[in-house]
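Enquirer: Could you look at this predicted model? Sequence included:
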Amino acid sequence: MSSSISEPKPEPLLVPPHPRYEKVRDINRGSFGFVQLAKRRDTGKQVAIKFIARGDKISKSVEREIHNHRGLHHPHIIKFEEVFLTENFIGISMEYASGGDLFDYTVKRGGLKEDEARWFFQQLICAVDYMHTKGVANRDMKLENSLLTGHAKPLLKICDFGYSKSDQNDSVPKSKVGTYLYVAPEVISDRNYNGKNADIWSCGVILYSMLVGQYPFERPEDKAKGVTEHQKLQNVMKRILAVDYKFPKQVKISEACHDIMTKILVRDPNKRLTLQGIQAHPFYTKGLPKNFFAVNEQLKNAGLPPSLQTMQSIDAILQEAKVVPGSDDADLDEMYDEALADCEDE
């Protein structure tokens, strides 16, 4: 008779009790690690903490994620709080948005009315404009990475900078990253591409998906019996390259909405509507507060809060996180064994 023992769930805030944070509950888990809702012991403020195992998982992409996120301070971007170490994990503490994500919000409603979709799109583009001004391309813009506050009229906040690239610190985007239902044609076909132009395409996919309640380049036949995931992927990629999408007849949208969609979802990134063009378009400007653009300009010109964790502190923590506690002794043993072997060979 055999029995299986499941791995105990890691509790980095409980064992031992963390001096600053108290766990509230688990939020989600993925290949990257896991996220927990916690509250600060001193203020009671709730935060979301992303935990990544120390050691090999602390990669260049994790470093980029933290560096790029830290440099962004905007009301429509999840706020970076700090990074810290526990015995077995690095923790990335950030603002908690209690309203879930835009994907679930859209699915539950079977798509959104144009005015509500515009409201979220206005916030999204506002944040992307700020982000691009700061030299960061997200490269994974999607409904699932657009979090919402718990207000009756939710505010949108971009999260997850795991695939982001910075003009100042990173190379030209080459890798085909992102979520395939949202990726721009040039990400599929070109060796080098402009990550900021690709972000604009993904914002167009988000707008379409909010309005229709489904993705522009996915079809019902992709989910038919016998269609493999690889075949589905190939079908979607072909439609993206051909910009093959249309609005269902039952979805009623204005001429302005249709016009902006046709100008964003353009294969040639150099002919795609720019952020400036989007923000000047009648679909986008409808219902905007008078000081909307002035406030965003102030945010783009503002510095980071002086209380923000320093890059020196963050980099020191990242370096320490690459070492798994207890591994030093094993490394010394291995070096000792190798030295003995060398002596025997002499």
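Expert: In hand now; what should we look at?

Enquirer: For Phe292, which residues are in contact?
Expert: Counting by CB atoms under 8 Å, 6 or more residues apart in numbering, Phe292 touches 122, 126. Glycine gets a C-beta too; all of them are placed from N, C-alpha and C.

Enquirer: how far does the strand ranked longest in the chain sit from the chain's center?
Expert: The longest strand of the chain (DSSP state E) is strand 21-30. Relative to its chain's centre, strand 21-30 lies at 18 Å (CA atoms, centre = their mean, to the nearest Å).

Enquirer: Low-confidence regions, the protein specifically.
Expert: Low-confidence segments of the chain, defined by pLDDT under 70: 1-8, 169-178, 327-346.

Enquirer: care to break it down by domain?
Expert: Following automatic domain parsing, one gets these domains for the chain: 21-96+312-331, 102-301.

Enquirer: As CSV, these with distance to Glu11 would be great.
Expert: Shown next, in CSV, are those (distance: least, CB to CB, whole Å):
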stretch, distance to Glu11
domain 21-96+312-331, 7
domain 102-301, 23
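
Enquirer: before we move on, back to that, show me what counts as buried in the longest strand of the chain.
Expert: 21, 23 (16 or more other CB atoms under 10 Å).

Enquirer: Next SSE downstream of it?
Expert: Toward the C-terminus, strand 21-30 is succeeded by strand 33-40 as the next helix or strand (DSSP states H and E).

Enquirer: residues in contact with that following strand?
Expert: Here strand 33-40 makes contact (CB under 8 Å, 6+ apart) with 10, 13, 20-29, 45-53, 57, 89, 93, 96.

Enquirer: so Glu116, which of the three states?
Expert: The three-state assignment at Glu116 reads helix, by DSSP: H, G, I helix; E, B strand; the rest coil.

Enquirer: oh sorry, the question was meant for Glu63
Expert: Following three-state DSSP, the label given to Glu63 is helix.

Enquirer: what's around it, how many residues?
Expert: The number of residues packed near Glu63 is 17, by other CB atoms under 10 Å.

Enquirer: which residues touch it?
Expert: Applying CB under 8 Å, 6+ apart to Glu63 gives the contacts Leu318.

Enquirer: how much space is there between it and Thr179?
Expert: Distance of Glu63 to Thr179, computed by CB to CB, to the nearest Å: 22 Å.

Enquirer: hang on, the earlier thing: okay, angle between the longest strand of the chain and strand 33-40 too, please.
Expert: 160 degrees (axes from the mean of the first three to the mean of the last three CA atoms, to 10 degrees).

Enquirer: what are the pairing partners of strand 21-30, and which direction each?
Expert: Strand pairing for strand 21-30, using DSSP bridges, gives strand 33-40 (antiparallel).

Enquirer: For the strand it pairs with, what is the distance to the chain centroid?
Expert: Distance, stretch centre to chain centre, for strand 33-40: 17 Å (CA atoms, centre = their mean).

Enquirer: so after it, what's the next helix or strand?
Expert: Counting by DSSP H and E, the element after strand 33-40 in chain order, helix or strand, is strand 46-53.

Enquirer: Run through who's touching that following strand.
Expert: By CB under 8 Å, 6+ apart, strand 46-53 touches 10, 12-13, 21, 24, 27, 32-40, 58, 62, 78, 81, 86, 88-98, 321.

Enquirer: So which bits of that strand are buried?
Expert: Result for strand 46-53 [16+ other CB under 10 Å]: buried residues 47-53.

Enquirer: How far off centre is that strand?
Expert: The answer for strand 46-53 is 14 Å, by CA atoms, centre = their mean.

Enquirer: That one vs strand 33-40, what angle?
Expert: Going by the same axes, to 10 degrees, strand 46-53 makes 140 degrees with strand 33-40.

Enquirer: Could the C-alpha coordinates of strand 46-53 be exported in PDB?
Expert: The C-alpha trace of strand 46-53 is given here as PDB (Å, rounded to 0.1, in the frame of the first residue of the first chain):
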ATOM      1  CA  GLN A  46      -4.200  46.000   3.200                       C
ATOM      2  CA  VAL A  47      -1.600  45.100   0.600                       C
ATOM      3  CA  ALA A  48      -1.100  42.300  -2.000                       C
ATOM      4  CA  ILE A  49       2.200  40.500  -1.600                       C
ATOM      5  CA  LYS A  50       3.600  38.400  -4.500                       C
ATOM      6  CA  PHE A  51       6.000  35.700  -3.200                       C
ATOM      7  CA  ILE A  52       8.700  34.200  -5.400                       C
ATOM      8  CA  ALA A  53      11.000  31.400  -4.200                       C
END
